[in-house]
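Student: structure of the sequence below:
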Amino acid sequence: MILARMDPDRGEITGLLNALRDGEPHAESRLIALIYPTLRRIAYKHMRCEREDHTLQATALVHEAYMRLAGRPMDFKDRNHLYAAAAQAMRQILVDYARQHRSAKRGGSYQRIDLEGVCAHPGPQPEKFVSLDEALSRLAEWDARQSQIVELRYFGGLTEEEIADILGVSVRTVKREWRLAKAWLYAEIGK
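Tutor: This is a model prediction of the structure:
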């Protein structure tokens with residue numbers, strides 16, 4: 001898997017998470033040093049798809065995401081759980097920025113969002129992020145895994161292989177549920 005190639009030692013990350021839970025004093029700094037390059041690549045991959053005038057940079061996105069993660073108990077069971085939480089934090093940050101941008105412009109009409117080729121075109125406008133976030137929250141009520149797949153793919157910038165690894169399912173399952181989630185979201189956003 002791609003995340004496996006990006007991380008120097010998958011077991012070491014899980015071990016450091018366990019040590020952190022056990023109160024080992026240097027575990028957090030070692031964990032940060034180990035996961036930072038991967039989080040930075042994920043954030044960069046996502047930010048390169050954003051609009052050109054976006055004020056948030058990939059490094060700032062990683063730092064804000066980590067601050068949100070550090071602000072809560074570090075009870076991640078393994079590296080996959082940690083990366084899924086990081087993608088969720090990045091989603092929240094990007095949606096918060098989009099909401100601020102939308103309210104500053106006093107806009108807010110809903111627009112169609114292209115979920116194909118996550119990064120095949122310039123990034124979405126702020127109002128698209130907000131409408132996608134709202135629809136994604138409704139999808140989570142209907143099918144939590146499909147919502148996670150969209151979140152990891154669209155907001156986390158992860159590949160289908162990485163998502164399969166994180167969720168512990170086959171790539172085929174991710175592809176099938178990605179298609180179903182996209183269809184549901186298109187119908188929901190198009191209302």
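Student: okay, CA-based contacts and neighbour counts for the rest of this
Tutor: Noted.
Student: low-confidence ranges, this protein, go.
Tutor: Counting by pLDDT under 70, the low-confidence segments of the chain come to 1-10, 46, 48-55, 102-129, 157, 191.
Student: let's see it at 50
Tutor: Segments of the chain classed as low confidence (criterion: pLDDT under 50) are 1-2, 4-5, 106-112, 117-122, 124.
Student: contact partners for residue 15?
Tutor: The neighbourhood of residue 15, defined by C-alpha atoms under 8 Å, 6 or more residues apart in numbering, contains no residues.
Student: in what helix or strand does residue 25 lie?
Tutor: Using DSSP states H and E, residue 25 is not contained in any helix or strand.
Student: sorry, slip of the keys, the one I care about is residue 39.
Tutor: With elements delineated by DSSP H and E, residue 39 resides in helix 27-47, which encompasses its position.
Student: list the helices and strands that helix packs on?
Tutor: Using 3 or more C-alpha pairs under 8 Å, 6 or more residues apart in numbering; DSSP states H and E, the elements in contact with helix 27-47 are helix 10-21, helix 58-70, helix 79-105.
Student: ok now that helix, how far from the chain's centre?
Tutor: 13 Å (C-alpha atoms, centre = their mean, to the nearest Å).
Student: do stretch 165-175 as well
Tutor: What separates the centre of stretch 165-175 from the centre of its chain is 16 Å, taken as C-alpha atoms, centre = their mean.
Student: so which bits of it are buried?
Tutor: Along stretch 165-175, the positions that meet the burial threshold by neighbour count (16 or more other C-alpha atoms under 10 Å) are 165, 166, 167, 171, 174, 175.
Student: check what contacts that stretch and list those residues.
Tutor: Applying C-alpha under 8 Å, 6+ apart, the external contacts of stretch 165-175 come out as 1, 80, 81, 83, 84, 149, 160, 161, 163, 164.
Student: that older thread, any chance of the buried residues of stretch 165-175 in a markdown table, with distance to residue 63 and secondary structure too?
Tutor: A markdown table is the format used below for the buried residues of stretch 165-175 (distance: C-alpha to C-alpha, whole Å; DSSP: H, G, I helix; E, B strand; the rest coil):
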| residue | distance to residue 63 | secondary structure |
| --- | --- | --- |
| 165 | 24 | helix |
| 166 | 22 | helix |
| 167 | 24 | helix |
| 171 | 30 | helix |
| 174 | 29 | helix |
| 175 | 30 | helix |
